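Q: what would the 3D arrangement of this be:
(one chain, ligands or ions: 1)
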Amino acid sequence: MGIVLGTHQYGKAENRVVRIYRDSPRHEIRDVTVSTALRGDFARAHTVGDQSAVLPTDTQKQTAYAYAKEKGLRAVEDYALALARHFVDDVEPVAGARVEVEEHAWERAVVDGVEHDHTWVRRGQEVRTASVTVEGTGDDQQVWVTGGLKDMVILKSTGSEFSGFLTDPYTVLQPTTDRVMATSLVARWRFTEHTGIDWDATYAGIKALLVEQFATVHSLALQQTLFAMGSAVLEAYGFLAEVRLSAPNKHHFLYDLSPFGLDNPGEVFHADDRPYGLIQAQVTRDDAPDAGPAWYGYTGLV
Ligand SMILES: O=c1[nH]c(=O)c2[nH]c(=O)[nH]c2[nH]1
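A: Numbers count the residues shown, from 1 in each chain. Here you go, the predicted structure:
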């Protein structure tokens, strides 16, 4: 019997990098969590403890911080592209690099009705995400970019039904034609281009479309809403191949107020945190190019 080493990757996970631009009295801030993973033939580190091809994870961390200064940290996609390319182009044993970024948004504090120059309040909204995978060098170099968001908590208090579903002897759920629908949305999209794209404007536009679809589609199920969201984004942005959506159905159950002699026509709910329905869908252009390693993340091995 032989034992062989299979797929392997290594890197520094969840570096917390905050970049302040302070060239004028009105500062700017970018706050990210960045993870790197290097891919290639690092077998000898695993099998015989030879580190000669291993760029330390500490060096990967230092590079993430240095690049926030040297290359700048504005759009997370540009920052991830610069880092991933550097590892593949400049570090000889590295055949592929994966960089994932999550951005924690701050908004300016408002003091006496005026936006403050250097104080921010953490925006209690979604986290913007991005990933870049680079393989090969020179003319053979291939690049895959995804953008996305997570933790976008959104709720509608009407315009949502769930009825006509399959039943069996264990079904107790009652159909409803008017319910609260709420989720904490995860959406990720795959770019087919990575030059000449206004990353920030694209992000803002996609987020607005996701919110608009959630609000305006009269939903017969969360599944239908997800497909509408993905379709709207693909129709608006020709340079996207696919959108992947994951939506926990954050159930709001009508609370029984009858013991108190009170009626409850859709006014008081118990917001249950678990269990939750988890509805997921991939919405893809039918001529989309193959995803390659675009979705293979830095935690992808286990
Ligand atoms: O939008 C929904 N989709 C489901 O598949 C489902 N299942 C369920 O119990 N409630 C809901 N709601």
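Q: from here on, just use CA atoms for contacts and neighbour counts.
A: OK.
Q: so what's the residue of the stretch 1-150 of the chain found nearest the ligand closest to, chain neighbours aside?
A: Closest contact between the stretch 1-150 of the chain and the ligand, by C-alpha to the nearest ligand atom, is at residue 150 (19.1 Å). Here the nearest residue to residue 150 in space, its sequence neighbours aside, is residue 186; by C-alpha to C-alpha, 6 or more residues apart in numbering that works out to 4.1 Å.
Q: the one you found contacts residue 245, doesn't it?
A: Yes - the criterion here is C-alpha atoms under 8 Å, and residue 186 meets it with residue 245 at 5.7 Å.
Q: residues near residue 157, how many?
A: By other C-alpha atoms under 10 Å, 14 other residues sit near residue 157.
Q: need the contact list for it.
A: By C-alpha atoms under 8 Å, 6 or more residues apart in numbering, residue 157 lies in contact with 179-181.
Q: can you check residue 200 too?
A: Contacts of residue 200 by C-alpha under 8 Å, 6+ apart are residue 75.
Q: also residue 229?
A: Contacts of residue 229 by C-alpha under 8 Å, 6+ apart are 209-210, 213-214.
Q: most neighbours among those, which one?
A: Most neighbours among the contacts of residue 229, by other C-alpha under 10 Å: residue 214, with 24 neighbours.
Q: looks to me like that one is in a strand.
A: No - counting by DSSP: H, G, I helix; E, B strand; the rest coil, one finds residue 214 to be helix, located in no strand.
Q: per-residue pLDDT, it?
A: Note on residue 214: pLDDT of 93.
Q: tally of neighbours for residue 236?
A: Other residues close to residue 236 by other C-alpha under 10 Å number 13.
Q: then the one 5 residues further on?
A: Look at residue 241: counted by other C-alpha under 10 Å, it has 22 neighbours.
Q: taking the stretch 51-200 of the chain, what residue is nearest to the ligand?
A: Closest point on the stretch 51-200 of the chain to the ligand, by C-alpha to the nearest ligand atom, is residue 162, at 5.7 Å.
Q: wait, doesn't that residue sit right on residue 173?
A: No - if you go by C-alpha under 8 Å, residue 162 and residue 173 don't touch, sitting 9.8 Å apart.
Q: so which of these two has more stuff around it?
A: The residue with more neighbours, out of residue 162 and residue 173 and counting by other C-alpha under 10 Å, is residue 162; that gives 16 against 10.
Q: what bridges to that one?
A: Judged by DSSP bridges, the bridge partners of residue 162 are residue 176.
Q: how much space between it and residue 156?
A: 14 Å (C-alpha to C-alpha, to the nearest Å).
Q: what parts of the stretch 51-200 of the chain come near the ligand?
A: Within reach of the ligand by C-alpha under 6 Å from any ligand atom, the stretch 51-200 of the chain has these residues: residue 162.
Q: in TSV, list the contacts of residue 229 along with distance to residue 27.
A: As requested, the contacts of residue 229 are exported to TSV (distance: C-alpha to C-alpha, whole Å):
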residue	distance to residue 27
209	30
210	30
213	35
214	35
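Q: tell me the one among those nearest to residue 59.
A: residue 210 (38.2 Å; C-alpha to C-alpha).
Q: pretty sure the closest one belongs to a helix, no?
A: Yes - assessed with three-state DSSP, residue 210 lies in a helix.
Q: what about the stretch 151-300 of the chain, any weak spots by pLDDT?
A: Regions of the stretch 151-300 of the chain meeting the criterion pLDDT under 70 are absent.
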